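Asks: Sequence first, then the predicted structure:
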Amino acid sequence: MTRELFPTTESSPMHFEEQALGRGYRTIAGIDEAGRGPLAGPVVAAAVVLPEFFDLPGLTDSKKLSPKKREELFPLIRAQAEGVGVGVVSAADIDDRNILQATLAAMVLAVDRLAAAPDFLLVDGITPMPLSVPQLTLKRGDSRSLSVAAASVVAKVVRDRIMTVYERIYPGYGFARHKGYGSAAHREAIARLGPSPLHRRTFAGVREYLEGS
């Protein structure tokens, strides 16, 4: 589905959802991911279907929210949403597929795990999902659509929690603090300890420390 089918004036945070409803779609899911850039850990995607008259003050792109605010919004989204699905693709699968394909795979998993199949998708970014469901890609979708913003919060909170658990399994790297992103402390830990099984072996910043590289 092309952008031209939707007016460019965005008059409300549910603009794209309202436009899809006006064209006869009934179950509209916002899709977003967390964890494309880190050196370690999975990529996590979420799909969220919101009710037609949804309103949650403070909800926006998860990157603009503090960890505390995301944690506050997470249960409210879960309670009010008509459907929430989450997909997780491991670091090993990221290395096998590449990060773009792994991200799309996580998004497909998230959609598949919705209780009711959506008939329209609002996808953050510029790459369509490999599904036959009608969809619209949105640059900065997490700042323009409440469904996508809700998905961004769910994906980010789930991934942060996963990385906090991994801190106990692979101590010394600081995963609970930096969540696998390439901070100076994380890079120093990789140089000192070597990559863990959680690290993305094809990523610069990790592959240099692999035996035989």
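Replies: Ah, there it is.

Asks: For the rest of this, base every contact and every neighbour count on C-alpha atoms.
Replies: Will do.

Asks: ok, residue 62 touching residue 149?
Replies: Yes. Proximity of residue 62 to residue 149 meets the contact threshold set by Cα atoms under 8 Å, at 6.7 Å.

Asks: Which phi and psi values does the most centrally placed residue in the chain adopt?
Replies: Centroid-nearest residue in the chain, with Cα atoms, centre = their mean: residue 33, separated by 1.4 Å. Main-chain dihedrals, residue 33, degrees, to the nearest 10: phi -130, psi 170.

Asks: next one: residue 113
Replies: The phi/psi pair for residue 113 (degrees, to the nearest 10) is phi -90, psi 0.

Asks: How many neighbouring residues does it have?
Replies: For residue 113, the neighbour count with other Cα atoms under 10 Å is 17.

Asks: ok now do it, which residues does it touch?
Replies: By Cα atoms under 8 Å, 6 or more residues apart in numbering, the contact set of residue 113 is 84-87.

Asks: Mind putting the residues you listed into a markdown table with neighbour count, pLDDT and distance to residue 101?
Replies: Below are the contacts of residue 113 laid out as a markdown table (neighbours: other Cα atoms under 10 Å; pLDDT from 0 to 100; distance: Cα to Cα, whole Å):
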| residue | neighbour count | pLDDT | distance to residue 101 |
| --- | --- | --- | --- |
| 84 | 25 | 98 | 22 |
| 85 | 24 | 98 | 19 |
| 86 | 25 | 98 | 16 |
| 87 | 24 | 98 | 13 |
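
Asks: Turn those residues into JSON lines, including distance to residue 100 and secondary structure.
Replies: Formatted as JSON lines, the contacts of residue 113 follow (distance: Cα to Cα, whole Å; DSSP: H, G, I helix; E, B strand; the rest coil):
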{"residue": "84", "distance to residue 100": "22", "secondary structure": "strand"}
{"residue": "85", "distance to residue 100": "19", "secondary structure": "strand"}
{"residue": "86", "distance to residue 100": "17", "secondary structure": "strand"}
{"residue": "87", "distance to residue 100": "14", "secondary structure": "strand"}
